[in-house]
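In: need a structure here:
(one chain, ligands or ions: 3)
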Amino acid sequence: MDDSHRGRITKDGIRIHSPADFAGMRAAGQVAAQILDEVAALIEPGVSTGTLDAFITRRVTELGTTSATIGYKGYQHASCISVNHVVCHGIPGDKKLKDGDILNIDVTVILDGWFGDTSRMYVAGKQSRKAERLIQVTHDSLFEGINAVKPGNTFGDIGHAIQKYAEGNRMSVVRDFCGHGLGRVFHAPPNVLHYGRPGTASVLEEGMFFTIEPMINLGRAETKVLGDDWTAVTRDKSLSAQFEHSIGVTKDGCEIFTLSPAGKFHPT
Ligand code: MF3
Ligand code: CO
Ligand code: CO
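Out: Ligands and ions are numbered 1, 2, ... in the order given. Model (predicted):
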């Protein structure tokens, strides 16, 4: 067993990683983020989500990584593409984007055993004012959460920061899905809730790796999963947005492994 498997596990089951592990996550995260940068150029009305996924599948291989989602619990694609009122886990297919559609693309790659998991919002064609506002508030809510990450704070502090910001903008936080620990595994403890009370849940420690991936709705928070057993939608059919970063807790804050190499966040 190599060193990266020897880290301490907290009483809540959260692995504490080493500086070498940060390097592994940085490399994996940067590939996932680069793919999200690149796919931006393809997004326009008339393009199918299957075409976007085919591009992502090709780039995952060309960049020397493997897809974490192909074969995961029977999922068959290198990305989840969630359009308009789809909250998450949208399955790419023949459906073509229409002018004004908003979409989340979520990519997870594996490089040297490390998982890089990130998602962003995109718009096909001309975006409406309310879509633009939803996307901006969702992005900024993720960073409210990220800004709460430092040793000694708790996962409740992260959730509270996100919830306060989203609800303060009259939007709702999805409760049915959450962020997760990751590293040499895709989904590990803890569940990272995007709502909560300050000072509750596990205390953050240097070396913890996890995602924060808030899903924010313009309408109500409730979701349901469609008959394909993957696609989650808002029950009231309101628009939903999501951004996701993979991060590691440092001595005095955190490192974001999946920041865009090109400095983009919702590229057009
Ligand atoms: N990338 C998603 C996450 O953020 C998980 C997708 S699992 C899949 O955790 F099977 F739907 F791809
Ligand atoms: Co994730
Ligand atoms: Co993801």
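In: which residues sit against stretch 120-139?
Out: Contacts of stretch 120-139 with the rest of the structure, by Cβ atoms under 8 Å, 6 or more residues apart in numbering, involve 36, 39-40, 43-45, 47, 97-105, 165-166, 169, 171, 214-216, 218, 239-244, 264-268. Backbone N, C-alpha and C define where each C-beta goes, glycine included.
In: ChimeraX command for the buried members of those?
Out: Buried subset of the contacts of stretch 120-139, written as a ChimeraX selection, criterion 16 or more other Cβ atoms under 10 Å:
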select :36,39,40,43,97,101,102,103,104,105,165,166,171,214,215,216,218,239,240,241,242,243,244,266,267
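In: Pull the distance from the helix or strand harbouring residue 55 to the chain's centre.
Out: In this assignment (DSSP states H and E), residue 55 forms part of helix 49-62. Put simply, helix 49-62 sits 18 Å off its chain's centre (Cα atoms, centre = their mean, to the nearest Å).
In: Where does residue 109 sit: helix, strand or coil?
Out: strand (DSSP: H, G, I helix; E, B strand; the rest coil).
In: for residue 115, that is, sorry about that
Out: Classification of residue 115 using three-state DSSP returns strand.
In: Check the one 10 residues further on too.
Out: Following three-state DSSP, residue 125 is assigned to coil.
In: Skipping adjacent residues, who's closest to it in space?
Out: Of all residues beyond its chain neighbours, the one nearest residue 125 is residue 99 (3.6 Å), with distances taken as Cβ to Cβ, 6 or more residues apart in numbering.
In: show me what contacts that neighbour?
Out: Each residue near residue 99 by Cβ under 8 Å, 6+ apart is listed here: 45, 124, 125, 126.
In: what's the spacing between the first one and ligand 2?
Out: To tie it back to what came earlier, the one meant is residue 45. 28 Å (Cβ to the ion, to the nearest Å).
In: Pretty sure that residue sits against residue 98.
Out: Yes. Because the distance of 5.7 Å satisfies Cβ atoms under 8 Å, residue 45 is recorded as touching residue 98.
In: do the helix holding residue 55 and ligand 1 meet at all?
Out: No. Residues of helix 49-62 contacting ligand 1 under Cβ under 6 Å from any ligand atom: none, with a closest distance of 10.8 Å.
In: Can you list the strands that the helix or strand just after that helix pairs with?
Out: Under the assignment DSSP H and E, the closest C-terminal helix or strand after helix 49-62 is strand 66-67. Here strand 66-67 is paired, per DSSP bridges, with strand 102-111 (antiparallel).
In: how far is the partner strand from where the chain is centred?
Out: The chain centroid and the centroid of strand 102-111 are separated by 7 Å, computed with Cα atoms, centre = their mean.
In: Begin at 527 from now on, thanks
Out: Understood, numbering begins at 527; the last thing we discussed is strand 628-637.
In: now it and helix 575-588, what's the angle there?
Out: Angle between the axes of strand 628-637 and helix 575-588 is 20 degrees (criterion: axes from the mean of the first three to the mean of the last three Cα atoms, to 10 degrees).
In: Just the CA atoms of strand 628-637, as PDB, please.
Out: Output of strand 628-637 as PDB, limited to C-alpha atoms (Å, rounded to 0.1, in the frame of the first residue of the first chain):
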ATOM      1  CA  ILE A 628     -29.200  27.000 -19.600                       C
ATOM      2  CA  LEU A 629     -27.200  23.900 -18.800                       C
ATOM      3  CA  ASN A 630     -24.800  22.400 -16.200                       C
ATOM      4  CA  ILE A 631     -22.000  20.200 -17.400                       C
ATOM      5  CA  ASP A 632     -20.500  17.900 -14.700                       C
ATOM      6  CA  VAL A 633     -17.300  16.000 -15.500                       C
ATOM      7  CA  THR A 634     -15.300  13.700 -13.200                       C
ATOM      8  CA  VAL A 635     -11.900  12.400 -14.300                       C
ATOM      9  CA  ILE A 636      -9.400  10.000 -12.700                       C
ATOM     10  CA  LEU A 637      -5.700  10.700 -13.100                       C
END
